[in-house]
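Asker: need a 3D model of the sequence below.
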Amino acid sequence: MGILNVTPDSFSDGGKFNQVDAALKRIEEMIEEGAAIIDIGGESTRPGAEPVSVHEEMERVIPILEKAIPKYTGTFFSIDTTKYEVARQALEAGAHFINDVSGLQEEPRFVDLCKAFEAGLIIMHSQGTPETMQDDPSYNEVVSDIRDFFKKQLKKCRGLDNIILDPGIGFGKTQQHNIEIIKNLDKFHNLGYPLMVGASRKSMIGRLLNNRDVDDRIIGSVVVHYHAMAKGAKIIRVHDVKEANDSILVYNALIGN
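Answerer: Numbering: from 1, shown residues only. Below is the predicted model:
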């Protein structure tokens with residue numbers, strides 16, 4: 001899954017792809033580099049980010065989706081949003097998934113919306129909102145707590161089969177929480193749904209590399225995602241598609257796929 005942030009303030013690529021032409025060019029690049037899914041978001045979810053209005057978010061993402069989806073018919077598109085109207089218009093434009101970083105906490109109607117459009121739903125775990133999530137994240141036991149969250153949310157999804165689970169690296173987690181999640185991804189498998197991991201360029205990796213700048217975290221991102229694949233992740237959500245796709249090709253060769 002290639003990331004396209006059409007925001008002025010995302011932590012890694014904010015402001016780079018706000019214009020439709022630039023966004024379409026980046027989508028084409030990611031597809032050529034091996035992306036099977038393009039995830040488009042119009043509201044930053046970095047720690048401390050402030051929310052934007054429904055209207056502003058739609059103005060950022062819908063024109064891109066309306067042009068990109070008919071142009072790149074062999075590619076899946078997801079809309080990264082927590083807002084019902086943004087998701088609805090994105091699905092009307094042909095998006096295939098809703099990527100909900102709140103995991104149905106903010107908008108439980110996403111389940112019925114996905115059923116109506118025969119779309120998939122990505123349920124991510126997060127604690128708090130982007131404005132507050134890193135203030136003081138705490139868990140009884142992080143992996144068990146996230147498993148319990150997924151079980152609770154999945155009960156709301158009866159009749160919806162196309163579901164992907166994302167434990168939400170960096171979303172209301174300390175450094176140790178993130179490491180524990182990555183080390184124990186296999187404990188999510190018996191929930192019965194594909195697992196997605198998105199650690200690309202995140203502060204977790206920066207801290208592991210002695211506070212490395214965000215643009216110099218590619219190798220760290222590849223290593224974390226490679227480990228995630230070894231632990232059973234089926235989708236990795238990345239900024240650096242070429243490098244990620246290279247790692248997938250090598251991984252698949254080594255395990256015999």
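Asker: low pLDDT regions in the stretch 151-257 of the chain?
Answerer: The stretch 151-257 of the chain contains no residues with pLDDT under 70.
Asker: can we see that at 90?
Answerer: Applying pLDDT under 90 to the stretch 151-257 of the chain flags the ranges 256-257.
Asker: what about the strands in it?
Answerer: Applying DSSP state E, counting those that start in this stretch to the stretch 151-257 of the chain gives strands spanning 163-166, 196-197, 235-236.
Asker: residues touching Met124, list them.
Answerer: Residues near Met124 by C-beta atoms under 8 Å, 6 or more residues apart in numbering: 99-103, 165-168, 171. Where C-beta positions appear, they are placed from N, C-alpha and C, glycine not excepted.
Asker: next, work out how far apart it and Ala253 are.
Answerer: Separation of Met124 from Ala253 (C-beta to C-beta, to the nearest Å) stands at 30 Å.
Asker: do Asn140 as well
Answerer: From Asn140 to Ala253 the distance is 40 Å (C-beta to C-beta).
Asker: need the strands of the stretch 151-257 of the chain in CSV (columns: distance to Glu56 and mean neighbour count).
Answerer: Listed next are those as CSV, based on distance: least, C-beta to C-beta, whole Å; neighbours: other C-beta atoms under 10 Å:
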stretch, distance to Glu56, mean neighbour count
strand 163-166, 25, 23
strand 196-197, 27, 24
strand 235-236, 28, 22
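Asker: mind putting those in CSV, distance to Ile181 included?
Answerer: Output for the strands of the stretch 151-257 of the chain, formatted as CSV (distance: least, C-beta to C-beta, whole Å):
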stretch, distance to Ile181
strand 163-166, 10
strand 196-197, 9
strand 235-236, 14
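Asker: hang on, isn't Gln134 packed against Ala49?
Answerer: No: under the criterion of C-beta atoms under 8 Å, Gln134 is not in contact with Ala49, lying 10.8 Å apart.
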